[in-house]
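Novice: Take a look and give me a structure for this.
(2 chains)
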Amino acid sequence: MAGLITMDDLSNEEIISILDDAERLLPVAKGDLYLPLLQGKILGNLFFEPSTRTRMSFETAMKRLGGDVVNLGDVKTSSVVKGETLFDTIQMVDGYTDIIAMRHPRQGAARYAQDAAQVPILNGGDGAGHHPTQTMLDLFTIRQSHGKLENLKVVLAGDLRYGRTVHSLSHALIRFGCEIVLASPDLLRMPKEIVEDLVAHGAKVTETTDLYGNLDSADVVYMTRIQKERFADEDEYVKVAGAYKLDASHLDGCKSEMIVMHPLPRVDEIHPSVDVTRHAKYFEQAFNGVVARMALLCRLLGVTVPEKVGGEA
Amino acid sequence: MSSETSMRRVTAIRNGTVIDHIPAGQALRVLKLLNITDQTAVPVSLVMNVPSKKMGAKDIVKVEDRELTQAELDRLALVASEASVAIIRAYSVAEKLHINLGEELNNVVRCTFSNCITQNSREPLPHRLVILSKDPLQLRCHYCGTPQNIDQLINNVL
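Specialist: Sure, this is the predicted structure:
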């Protein structure tokens, strides 16, 4: 496998096998066990756009496995402001590192970087395009809670237009036969070509503006933030800001095993009253970013995760 | 002078390329796709909207002293996939060529999506549009994955 640019780069079997690896790496991710599988390897973190969780979890994942990390640092102080092309930046980092994790404001940047690089590229988000490592940690979290990925009913809610996490996730979920409900304000509907694509693959997809009416039958409710930074026009943002505000009272009629997820950061779409319910999984989900990325780093670097980690099966 | 030749709008060429059966009105775009500009030194003749039995109306372009390559012709698939192309040597048709789209358009046009990485004109990797379907023509950017609108795409010829 070269890199991971979109979820299409992974077969269902590869997804499951990487999630299995991740599960075995949990004690390493938690710091209970030191397993230097990636000793001597260097990850280049190239974040051309702000990131907290993705960047830090990549760094944590690499260090938990005994590897090292070099960072591009703040774009404002790097050679990017001097007008360096992405191609040139990648050429340089390609020589310094064994693998690159990157986020870039322009769509297609990760595929472009992979064409320019010898080392594998892990796409940590390209514009409103793809975010497959987030999808892997989302799938890990869903499987952890439900014991399976198949045939679940998943409600994706909020900003489905610009939210790259839901673009990648929806494609992955339908490959496992999940039913998708797309709940968003009209202005932030899932792009038409993505919905058409999902339907063309035989998925059951419903588009609605009604989030609350779809909660009771859901196995997973995946909330997203309405991203102010993606709007060119602030008036348009104001029209849809705060469209959905999930609080604990909305969850009364839900299935007991239903989980609420969120890629974070949240603004006001999930009230803190949800945090203490059994449904809240977003903080575990954020932690799972480390373990999912550990498994991906190993896979892309060609390092096998042992069948037994730390003497436990 | 026979009635046929008196009807001729453009004279026959000795050597070069004749592109016939271009959909009416597309000849200027054909010139653009072939990088024929005001800097081009060889004689170029162009007729637009002439009657055609096959098409109702059509355009024709003749480029003298230049034999277009297959790769150059393949660019024309964007606007004139049914065009017939003849290489002329010593006033005779020496070769007939067909426009043949491969699997992608490489450095022919720029992706139409305003936030695609290829919008930075200094990025050196080739512009690549993957051909999903030839009829109707459907293209997708290799990098950002955006499906392309063919009418918009014509304005992005490199």
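
Novice: which residues touch residue 52?
Specialist: All of this is about chain A. Taking CB atoms under 8 Å, 6 or more residues apart in numbering or on different chains, we find A:T52 in contact with A:P265. (Each C-beta comes from the backbone N, C-alpha and C, glycine too.)

Novice: Chain B, not that one
Specialist: B:21, B:58.

Novice: 7 Å instead?
Specialist: B:K58 (CB atoms under 7 Å, 6 or more residues apart in numbering or on different chains).

Novice: Domain-wise, how is the chain divided?
Specialist: If you meant another chain, say so; for now it's chain A. Per the record's domain assignment (automatic domain parsing), chain A is made up of the domains A:7-131+A:287-300, A:132-285.

Novice: think we crossed wires, I meant chain B
Specialist: Split into domains by automatic domain parsing, chain B comes to B:3-98, B:104-154.

Novice: Surely B:S133 is in a strand?
Specialist: Yes. Counting by DSSP: H, G, I helix; E, B strand; the rest coil, B:S133 falls inside a strand.

Novice: bridging residues for it?
Specialist: When bridges are called by DSSP bridges, B:S133 pairs up with B:Q138.

Novice: That one: neighbour count?
Specialist: B:S133: 8 surrounding residues under other CB atoms under 10 Å in any protein chain shown.

Novice: one step back: quick one: which of the domains of chain B is nearest A:V70?
Specialist: domain B:104-154 (22.5 Å; CB to CB).

Novice: Of the domains of chain B, flag the one that's most buried.
Specialist: domain B:104-154 (a mean of 17; mean count of other CB atoms under 10 Å in any protein chain shown).

Novice: Quick one: mean pLDDT over that one.
Specialist: What domain B:104-154 shows for mean pLDDT is 92.

Novice: and if you look at stretch A:17-27?
Specialist: 98.

Novice: got the residues of chain B near chain A?
Specialist: B:113, B:115-118, B:120, B:122-125, B:141-145, B:147 (CB under 7 Å from any CB of the partner chain).

Novice: follow-up on the earlier one: now the domains of chain B as TSV including distance to A:V303?
Specialist: What follows is the domains of chain B, written out as TSV (distance: least, CB to CB, whole Å):
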stretch	distance to A:V303
domain B:3-98	43
domain B:104-154	29
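
Novice: can you tell which of these is closest to A:T60?
Specialist: domain B:104-154 (28.1 Å).

Novice: Spit out the contact partners of A:T135.
Specialist: A:7, A:168-169, A:172.

Novice: do A:G3 as well
Specialist: Contacts of A:G3 by CB under 7 Å, 6+ apart are A:114, A:120-122, A:300.

Novice: same check, this time on A:V181
Specialist: Residues counted as contacts of A:V181 (CB under 7 Å, 6+ apart) are A:155, A:206, A:208, A:214.

Novice: you'd agree the last one is up against A:A183?
Specialist: Meaning A:N214. Yes. Applying CB atoms under 7 Å as the test, A:N214 and A:A183 come out as touching, 6.1 Å apart.

Novice: residue closest to the middle of chain B?
Specialist: B:L76 (2.8 Å; CA atoms, centre = their mean).

Novice: what does the stretch 1-150 of chain A have sitting close to chain B?
Specialist: Going by CB under 7 Å from any CB, the residues of the stretch 1-150 of chain A near chain B are A:85-87, A:106-109, A:111-112, A:115-116, A:127, A:129.

Novice: hmm, 6 Å instead?
Specialist: A:85, A:87, A:106-109, A:111-112, A:115, A:127 (CB under 6 Å from any CB of the partner chain).

Novice: just the strands in the chain please.
Specialist: Picking chain A for this. For chain A, strands defined by DSSP state E occupy the ranges A:42-47, A:68-71, A:99-104, A:121-126, A:153-157, A:179-183, A:205-208, A:220-223, A:259-261.

Novice: Correction: the question concerned chain B.
Specialist: Using DSSP E, strands in chain B cover B:16-23, B:44-52, B:56-64, B:84-89, B:92-98, B:104-106, B:128-134, B:137-141.

Novice: what about the fourth one, distance to the chain center?
Specialist: Read that as strand B:84-89. 14 Å (CA atoms, centre = their mean, to the nearest Å).
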